[in-house]
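> turn this into a structure:
(one chain, ligands or ions: 1)
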Amino acid sequence: MSLSRTALLWVSQNQTLRQTLPKYKFIRRAVSKFMPGEELDDALNAAEQLKAQAVNTIVTHLGENIAEEAEAKRVAEHYCDTLKQISERTIDTYVSVKLTQLGLDLSEQLCMNTLSRIVGDAKLYGNMVWIDIEQSQYVDRTLAVFKNIKQSYSNVGICLQSYLYRTENDLKELLPLSPAIRLVKGAYKEPATLAFPRKVDNDANYFKLSKIMLENVRTNGVYAGIATHDTILHKRIIEEADRLQLEKTDFEFQMLYGINMEEQLRLAREGYKVRDLISYGTFWFPWYVRRLAERPANVWFVVKNMFNFRI
Ligand SMILES: Cc1cc2nc3c(=O)[nH]c(=O)nc-3n(C[C@H](O)[C@H](O)[C@H](O)COP(=O)(O)OP(=O)(O)OC[C@H]3O[C@@H](n4cnc5c(N)ncnc54)[C@H](O)[C@@H]3O)c2cc1C
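Numbers count the residues shown, from 1 in each chain. The predicted structure follows:
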């Protein structure tokens, strides 16, 4: 892991910086590259614009590690209202949640109850809920919650990270459940004992795991969410899908709002399914710094905004 990535991931977890840095206007301006706005309405308006370009969406209300039970209730209410608004606007937009935002740090039962409420409402609206995956200490509990809720609901998907050595086993264990899986490279700071430290190995594992997912689309009913902006991987995965004689619509590319938009629109124009994940909310600092860590060159964008702000 590069020094700049390590430093940025440290910043994303530092409590003091989390409180002070978001107050600076130049940082708020820079974040707008990745986020259409802080309000749900901003996210849904962006979803409508993307829909017009054949790109569907997922929305997520930024937040993690809640500390009080009442907060989990507020998060559930927010997502239930979001699902209602999505249905009223007739957009093809799913929601994505973090389990620590639903109370996983407080108790697995609280988290399960909160998630069930959201997934239950999503089912009524014919919608789907994706579960994000967080730091490695949450992976066992996240998988347990997913397996549990999957027994009652089919409209739920889970994210897996290719940087973790364990993920190949996790994926193979999930296959018999006909799961919806969003495969990502992984955004957190993890030790070399748990995760590939070298990008080249993570990329190779990403391809290996996406191959397994594609091979199981027909046989095990896997919903394969290929969540990367890596155009080399896109090309290799498309070649693999062709080799398996899959249709363009048998799997889905998922990307983040504001990143490689040209590639998102190109794939959509070529007839592939593309889903763009739009984040909104006021708690954007740790999430934003993880985006900077993915591409430390983005820090120059922040510096440029600081300069613009001062003149
Ligand atoms: C839909 C979706 C959901 C996600 N959910 C999770 C999750 O639940 N848990 C989790 O740990 N991670 C999640 N991630 C983040 C993921 O783990 C990676 O950190 C992120 O996608 C960057 O890796 P990459 O696959 O794009 O590949 P990289 O090799 O990092 O990037 C490939 C190329 O994409 C472009 N790019 C990538 N990131 C950026 C950026 N921030 N700014 C500008 N350009 C960029 C660059 O051109 C780069 O060369 C999610 C990502 C997506 C797309």
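> enumerate the residues of the chain near the ligand.
Within the chain, the positions near the ligand by CB under 6 Å from any ligand atom are 132-133, 159, 161, 182, 184-188, 227-230, 254-256, 259-260, 277, 291, 294-295, 298. C-beta: built from backbone N, CA, C; applies to glycine.
> mind checking which of those residues are in helices?
R291, E294, N298 (DSSP state H).
> the last one contacts R291, correct?
What that stands for is N298. Yes - contact criterion CB atoms under 8 Å: N298 and R291 qualify, at 6.7 Å.
> ChimeraX command for the buried members of the ones in helices among the residues of the chain next to the ligand?
The buried residues among those can be selected in ChimeraX (16 or more other CB atoms under 10 Å) with this line:
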select :291,294,298
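> how about the ones in helices among the residues of the chain next to the ligand in CSV, adding pLDDT and distance to D203?
Below are those laid out as CSV (pLDDT from 0 to 100; distance: CB to CB, whole Å):
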residue, pLDDT, distance to D203
R291, 83, 19
E294, 79, 13
N298, 71, 20
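> ok, for the residue of the stretch 1-150 of the chain found nearest the ligand, nearest residue in space, not its chain neighbours?
Closest residue of the stretch 1-150 of the chain to the ligand, CB to the nearest ligand atom: D132 (3.3 Å). Sequence neighbours aside, K98 is the residue nearest to D132 in space, at 4.6 Å (criterion: CB to CB, 6 or more residues apart in numbering).
> can you confirm A54 is in a helix?
No - according to DSSP: H, G, I helix; E, B strand; the rest coil, A54 belongs to no helix; its state is coil.
> how about it: what's its closest non-neighbour residue?
In space, A54 is closest to A268, 4.2 Å off (CB to CB, 6+ apart).
> OK, contacts around the one you found?
Residues counted as contacts of A268 (CB atoms under 8 Å, 6 or more residues apart in numbering) are Q53, A54, V55, V274.
> tell me the buried residues within these.
When the contacts of A268 are checked for burial by 16+ other CB under 10 Å, the buried set is V55, V274.
> in the chain, which strand has the most residues?
Taking DSSP state E as the criterion, the chain has its longest strand at strand 273-280.
> what is that one packed up against?
helix 40-51, strand 56-61, strand 252-256, helix 261-269 (3 or more CB pairs under 8 Å, 6 or more residues apart in numbering; DSSP states H and E).
> and the shortest one, which strands flank it?
Based on DSSP bridges, the pairing partners of strand 252-256 within the sheet are strand 223-226 (parallel), strand 273-280 (parallel).
> touching stretch 166-183 from outside, list them.
Here stretch 166-183 has contacts from 128, 130, 139, 143, 146-147, 150, 154, 156-162, 164, 194, 205-206, 208-210, 212-213, 216, 220-228, 254, using CB under 8 Å, 6+ apart.
> please apply the same query to stretch 37-54.
Outside stretch 37-54, the residues touching it (CB under 8 Å, 6+ apart) are 35-36, 56-57, 59, 61, 78, 81-82, 85-86, 89, 91-93, 257, 265, 268-269, 274, 276, 278-282, 284.
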